[in-house]
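In: A structural model of the following input is requested.
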Amino acid sequence: MQSNFLSMRVLFPAILLFAALLLTTFPTGVQAQPARSRDTDRTVYSFSFSPINQFESDFGQGGSFSVQRYGFKFDTSTPVTNSLRAGISLGYEFEKFHFSGTTAFAGVDPWSDIHRFSAGLPVSYRMTDDWSLFTAPQVEWYGESGVATGKDALGYGAIFAVSYRVSPGFTMGAGAGVFSRMAETKSFPYIIIDWKITEELRLNNPFRTSPAGPAGLELSYRISDRWEIAAGGAYRSLRFRLDDRGVAPNGIGEMDSTVGYARLTYRMGRDFNLDLYGGASFNGKMRIADSNGNELGSDDFKTAPMMALSLTLQL
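Out: Numbers count the residues shown, from 1 in each chain. Below is the predicted model:
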């Protein structure tokens, strides 16, 4: 009987991780970071810098590409009342693509440098000791260097969620998001989970910046007060406006993939973290469309190894 119980303790988190990954499909850049438990009665400021390198990957129809990303993020959250918190989330991401020998996009490089600016207003409300609501409207500008009209690269949307604390170590919930980005509107469901399986082992939705972006799902293990290891993943979707000089003038670029990673964290102090990541981008697909969203070309790309570093300071 005891051996069966121990087996379930091992298998159930793995099954839940797999199921949740199928449902957790945040588009990249969604800002959704409730305050930690020790921050409920104070204003919190968070700064992060995250360089990410996605190594060269071959296209199915010929050619290859790689990309380097550099992300900067600032978040603040403050208590408005005993039950209500509101904040501001600002972000900038620079993506530099390198293409070689591509054939699926009229034989030329589909785009080069991409910039993303975002601003969000996360709000959380504790209805009771166990029930909480969360919403985060957001606006962004996501486009290639030289985009002719700024408004063509704008996107906006929001996420909504409700969560329930089942026990002191287990919170779960559900939500939905709706985002409009360049001739396309997408909605998606997602789950919320924060499960302290043991004192060291935890399953939750990570909100730190990683190769998979914020959200997704992560299983972490605290080795000591300073060291932690983890593994996680999420679905990542990029959609941005192109300039007026390339193969698709004022068109739309898109890149989708599933990202899995392993993380090693060193806490230099109570409020300063260094995260090292190794992972890969799976089942990737790149598309290019005209200004109205009509697809002009697409190609799959093979598994791409990734490495990343993240520095986070929280005050």
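In: ok, which stretches of the stretch 201-315 of the chain are strands?
Out: Taking DSSP state E, counting those that start in this stretch as the criterion, the stretch 201-315 of the chain contains strands spanning 201-204, 217-222, 227-241, 252-269, 272-289, 295-301, 304-314.
In: Just the CA trace of stretch 165-172, in CSV.
Out: Extracted in CSV, the C-alpha atoms of stretch 165-172 (Å, rounded to 0.1, in the frame of the first residue of the first chain):
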residue,chain,number,x,y,z
ARG,A,165,-6.8,28.1,-2.5
VAL,A,166,-7.6,24.5,-1.9
SER,A,167,-5.2,24.2,1.0
PRO,A,168,-2.2,26.3,2.4
GLY,A,169,0.1,24.5,-0.1
PHE,A,170,-2.3,24.1,-3.1
THR,A,171,-3.9,26.8,-5.3
MET,A,172,-5.6,26.2,-8.6
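In: so where is the stretch 101-250 of the chain shaky, pLDDT-wise?
Out: In the prediction, the stretch 101-250 of the chain carries residues with pLDDT under 70 at positions 148, 208-210, 212-215.
In: picking that back up, so for residue 119, which of the strands of the stretch 201-315 of the chain sits nearest?
Out: Ranking these by proximity to residue 119 (Cβ to Cβ) places strand 227-241 first, at 16.6 Å. From N, CA and C alone the C-beta is placed, and that goes for glycine too.
In: Packing partners of that closest one?
Out: Packing contacts for strand 227-241, counted by 3 or more Cβ pairs under 8 Å, 6 or more residues apart in numbering; DSSP states H and E, involve strand 113-120, strand 131-144, strand 217-222, strand 252-269.
In: Tell me which strands the shortest one pairs with, and in which orientation.
Out: I take that to be strand 217-222. Based on DSSP bridges, the pairing partners of strand 217-222 within the sheet are strand 201-204 (antiparallel), strand 227-241 (antiparallel).
In: Go through these and pick out the most buried.
Out: When the strands paired with strand 217-222 are scored by mean count of other Cβ atoms under 10 Å, the highest mean neighbour count falls to strand 227-241 (a mean of 21).
In: now the angle from that one to strand 272-289?
Out: Using axes from the mean of the first three to the mean of the last three Cα atoms, to 10 degrees, the inter-axis angle of strand 227-241 relative to strand 272-289 is 30 degrees.
In: what about strand 227-241, distance to the chain center?
Out: Distance, stretch centre to chain centre, for strand 227-241: 5 Å (Cα atoms, centre = their mean, to the nearest Å).
In: got it, and stretch 281-298?
Out: For stretch 281-298, the distance from its own C-alpha centre to the chain's C-alpha centre is 20 Å (Cα atoms, centre = their mean).
In: Over to stretch 101-110?
Out: Offset of stretch 101-110 from its chain centre (Cα atoms, centre = their mean): 28 Å.
In: which parts of that stretch are buried?
Out: The neighbour-count criterion (16 or more other Cβ atoms under 10 Å) identifies 102, 104, 105, 109, 110 as the buried residues of stretch 101-110.
In: what do you get for stretch 303-310?
Out: Judged by neighbour count (16+ other Cβ under 10 Å), stretch 303-310 contains these buried residues: 304, 306, 308, 310.
In: would you turn the residues you listed into JSON lines with pLDDT and distance to residue 190?
Out: Shown next, in JSON lines, are these (pLDDT from 0 to 100; distance: Cβ to Cβ, whole Å):
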{"residue": "304", "pLDDT": "96", "distance to residue 190": "25"}
{"residue": "306", "pLDDT": "96", "distance to residue 190": "23"}
{"residue": "308", "pLDDT": "95", "distance to residue 190": "23"}
{"residue": "310", "pLDDT": "94", "distance to residue 190": "22"}
